[in-house]
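> build me a structure from this.
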Amino acid sequence: MVYVSPVQKLYNTCNEVFDDSCSAGIIPSPDNIQKLKAVLDDFKPADVGLSPDMPHFRASVAGKSTPVIRYIHIHECEKFSIGIFCLPPSGVIPLHNHPGMTVFSKLLFGTMHIKSYDWVDDIPPSTSAVVSTSKSKQPDVQQTEVRLAKVKVNSNFTAPCNTSILYPNDGGNMHCFTAVTACAVLDVLGPPYSEPDGRHCQYYLDFPLADFSEGEKEGSAWLSEREKPEDLTFVGELYRGPVIVEN
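Presented below is the predicted three-dimensional model:
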């Protein structure tokens with residue numbers, strides 16, 4: 001029997017799951033979702049050449065406020081992408097979306113806090129006053145367009161744990177990763193981000209409903225679009241795990 005590495009098996013399965021019938025906004029069948037999830041659930045750091053003692057996961061140098069996030073690109077095509085985010089302690093990938101995508105995230109090691117949202121569809125965006133007092137004693141009132149979202153997940157996850165799955169309109173399509181300890185997360189996106197096809201990565205700020213005149217609703221928040229944070233730094237790293245044979 002010919003040996004097939006776990007990452008080759010992952011690539012082969014992605015090719016089957018994200019076939020020509022799967023495009024932006026089209027979710028793979030439940031059987032295919034479970035097939036890919038089963039492959040990822042068994043993944044270990046060594047399967048992609050990772051270990052927690054690598055330089056990618058070292059704490060930030062004293063005096064640097066924002067930890068650098070390192071990204072290991074494994075594969076990308078029109079149908080899907082495979083890659084690994086390496087977060088040192090306190091590293092943050094801010095709240096962002098995945099337009100039209102089905103996303104599988106497998107925490108390979110460490111503890112990560114995940115907070116995710118889905119849109120509340122029956123309430124349209126509105127312009128509201130956001131009140132902030134974080135930087136001064138006097139309230140800072142700003143007008144911004146916001147949209148109501150419901151919290152899907154707000155928990156710590158520690159490896160080993162099951163693969164998380166989000167969908168174009170459900171499962172926490174907008175999420176934020178915060179590294180409680182050094183950690184690595186293997187991401188499969190189908191289809192991947194694509195500026196020409198309108199799949200742009202949009203970042204958000206979230207505001208408790210108590211900041212607005214409508215009062216507070218448990219498990220919900222207002223989200224407003226923002227530019228990519230200036231202090232967010234992604235650095236590409238070479239993939240040094242088993243070679244994938246593309247077919």
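> tell me which other helices or strands whatever helix or strand residue 205 lives in touches.
Assigned by DSSP states H and E, residue 205 belongs to strand 203-208. Judged by 3 or more Cβ pairs under 8 Å, 6 or more residues apart in numbering; DSSP states H and E, the packing partners of strand 203-208 are strand 92-96, strand 220-226. Backbone N, C-alpha and C define where each C-beta goes, glycine included.
> flag every buried residue along that strand.
203-207 (16 or more other Cβ atoms under 10 Å).
> next structured bit after the lowest-mean-pLDDT helix or strand in the chain?
Counting by mean pLDDT, DSSP states H and E, the chain has its least confident helix or strand at strand 126-132, which shows a mean of 52. Note on strand 126-132: by DSSP H and E, the next helix or strand toward the C-terminus is strand 140-158.
> what's the angle between that next one and strand 203-208?
100 degrees (axes from the mean of the first three to the mean of the last three Cα atoms, to 10 degrees).
> neighbouring strands for strand 140-158, and are they parallel or not?
Neighbouring strands of strand 140-158 in its sheet, by DSSP bridges, are strand 111-119 (antiparallel), strand 126-132 (antiparallel), strand 220-226 (antiparallel).
> so where's this structure uncertain?
22, 61-64, 124, 126-143, 210-218 (pLDDT under 70).
> give me the beta-bridge partners of the most centrally placed residue in the chain?
Nearest residue to the geometric centre of the chain (Cα atoms, centre = their mean): residue 175, 5.7 Å. Counting by DSSP bridges, residue 175 forms beta bridges with residue 96, residue 116.
> so which bits of stretch 180-192 are buried?
Neighbour-count burial for stretch 180-192, counted by 16+ other Cβ under 10 Å, picks out 180-192.
> identify the residues contacting residue 82.
Neighbour list for residue 82: 7, 10-11, 14, 74-76, 186-188 [criterion: Cβ atoms under 8 Å, 6 or more residues apart in numbering].
> once you drop chain neighbours, what's closest to residue 113?
residue 178 (4.3 Å; Cβ to Cβ, 6 or more residues apart in numbering).
> which parts of the chain are helices?
6-17, 30-41 (DSSP state H).
> so what touches the last one?
This means helix 30-41. With Cβ under 8 Å, 6+ apart, helix 30-41 has contacts from 6, 9-10, 13-14, 16-17, 27-28, 102, 104, 106, 162-163, 165, 186, 188.
> circling back to that earlier point, I'd like the buried residues of strand 203-208 as JSON lines, with distance to residue 56 appended.
Shown next, in JSON lines, are these (distance: Cβ to Cβ, whole Å):
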{"residue": "203", "distance to residue 56": "23"}
{"residue": "204", "distance to residue 56": "26"}
{"residue": "205", "distance to residue 56": "28"}
{"residue": "206", "distance to residue 56": "28"}
{"residue": "207", "distance to residue 56": "33"}
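> need the nearest residue in space to residue 107, chain neighbours excluded.
The nearest residue in space to residue 107 (Cβ to Cβ, 6+ apart) is residue 159, at 4.6 Å.
> what is the burial count for that neighbour?
Residues lying near residue 159 (other Cβ atoms under 10 Å) number 18.
> I'd say it and residue 185 touch.
No - the criterion here is Cβ atoms under 8 Å, and residue 159 misses it with residue 185 at 9.2 Å.
> between those two, which contacts overlap?
With Cβ under 8 Å, 6+ apart as the test, residue 159 and residue 185 both reach 107-108.
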